[in-house]
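Undergrad: Please find the sequence and the predicted model below.
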Amino acid sequence: MTENVKAPLVQENILSWYSNPPKTLSIDTEFIWRTTYWPKPALLQSCHANKAFILDPLNYSEENFDCFKDLLTNPSILKIFHAAHDDLVILDSLFKCLPDTFIDTQHAALFCGANQQMGLDKIALKMLGVELDKSCQGSNWLTRPLSSKQLNYAVQDVAYLEDIWAIQSKELQERSYIAWLEEDMTKLLNKIKNNHDPWQSWRQVPPRNTSPRAMAYAQVLTAWRELHAQEKNKPIQHIVNHDTLARWSDSPFDTEDKWLSELLLHKISLTIDQKDYFFSLLKQAENMPEEQAPQWPHRRLSKKEDALIKNLKKELKTTAQELDIPEFLIASRKDLVKFIWHKDSSLSSGWRYEIFGKKMLHTLD
């Protein structure tokens, strides 16, 4: 298999790409995201044909940075990623922008017959007969200087993406699934763009009590935690965990002193301004009209609904087999529940509605 191994020439700058933009550009990132709210970008690698470029976020020239940003936002260049979500988050944090034209070879593989999310090494081996060395995957990418082994690993992660996409795009055209993939890429982009609304973070914390008053507290307390985590650059669970927030929302303290004592128990010390903001949020929750409080979107299914979900899952399995794509790519159980509750779900629009949601509407009558 060694005859298929590629060794792109690493360029010192990307002026040639800037003056003569390629039609496709493979992109990958390395980062550390363990003890901080925001990821720490460590390396950005890109490749086209037999040339590669590595941008070091810790030490780069403004010229290369600006040129890469222009390439990233150039709509005529198709950016190719593998497992794009985290890479897009990193690019957004670095350049304060996102590419509009991109594809994800990991997601594309699901439209090409893969029955599970596959790593790049498995796809490269299956499609190209190339064995990728993943031994540097868990290394510390913030150390400098990077070893030659690390740099080679980084380049290899982008060297084959164009070849993989060339094969996938042909198969997707034959299956007539290209538009479906493009739709999912747009959804992913919108998800990342809208992912930082602290006032929607209550959805991630299962409540003990779903009364309007408890949900009002859940909304303001989870928003406060999100904002405080951003300010401190710590993971939200390092500020206060989900269970504690649920307890606070269910049984809020009745005095400021009790709240401050509770915060200190969790090693949270607030400045005067931070205290003022925290208690203004609590007052907002206390005074929130019932009709404005968020409603927890989940509840126990009735026996009739449970039977309906089972029938939908059978239909889903049949549809997935006919289309030769995995069931979870069409809908999860959560999506099916939202669908029967007439809530917005993946089955409410787009290609999933056309191939499954539309024909299942009769089951809801």
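TA: Yep, it's here.
Undergrad: In the protein, what helix or strand scores lowest on average pLDDT?
TA: Using mean pLDDT, DSSP states H and E, the weakest-scoring helix or strand in the chain turns out to be strand 9-11, at a mean of 88.
Undergrad: Distance from the chain centre to it, please.
TA: 30 Å (C-alpha atoms, centre = their mean, to the nearest Å).
Undergrad: number of nearby residues for Asp324?
TA: Per other C-beta atoms under 10 Å, the neighbour tally for Asp324 reads 12. Every C-beta, even on glycine, is put in place using the N, C-alpha and C of the backbone.
Undergrad: next one: Ser19
TA: With neighbours defined by other C-beta under 10 Å, the count for Ser19 comes to 8.
Undergrad: same thing with Ile14?
TA: Ile14 has 22 nearby residues by other C-beta under 10 Å.
Undergrad: roughly how far apart are it and Ala108?
TA: Using C-beta to C-beta, to the nearest Å, Ile14 is found at 25 Å from Ala108.
Undergrad: and what of Gly119?
TA: 14 Å.
Undergrad: What of Leu188?
TA: From Leu188 to Ala108 the distance is 12 Å (C-beta to C-beta).
Undergrad: Show me which of these two is the more surrounded one.
TA: Ala108 (26 against 18).
Undergrad: Skipping adjacent residues, who's closest to the more buried one in space?
TA: Gln168 (4.6 Å; C-beta to C-beta, 6 or more residues apart in numbering).
Undergrad: okay, now that neighbour: neighbour count?
TA: As a burial measure, Gln168 scores 23 neighbours (other C-beta under 10 Å).
Undergrad: Then Gly350?
TA: 16.
Undergrad: Quick check, it in contact with Glu183.
TA: Yes - if you go by C-beta atoms under 8 Å, Gly350 and Glu183 touch, sitting 5.2 Å apart.
Undergrad: Dihedrals phi and psi, the residue nearest the centre of the chain?
TA: In the chain, the centroid-proximal residue (C-alpha atoms, centre = their mean) is His85; its distance is 4.1 Å. Backbone torsions of His85, given as degrees, to the nearest 10, read phi -50, psi -60.
Undergrad: Starting from Asp163, give me the distance back to it.
TA: His85 is 22 Å from Asp163, by C-beta to C-beta.
Undergrad: Kindly report the same for Glu62.
TA: Glu62 is 32 Å from Asp163, by C-beta to C-beta.
Undergrad: Please identify which of those two sits among more neighbours.
TA: Asp163 (17 against 7).
Undergrad: next structured bit after the helix or strand that one falls within?
TA: Here Asp163 sits within helix 161-175, counting by DSSP states H and E. Downstream of helix 161-175, the next assigned helix or strand under DSSP H and E is helix 178-193.
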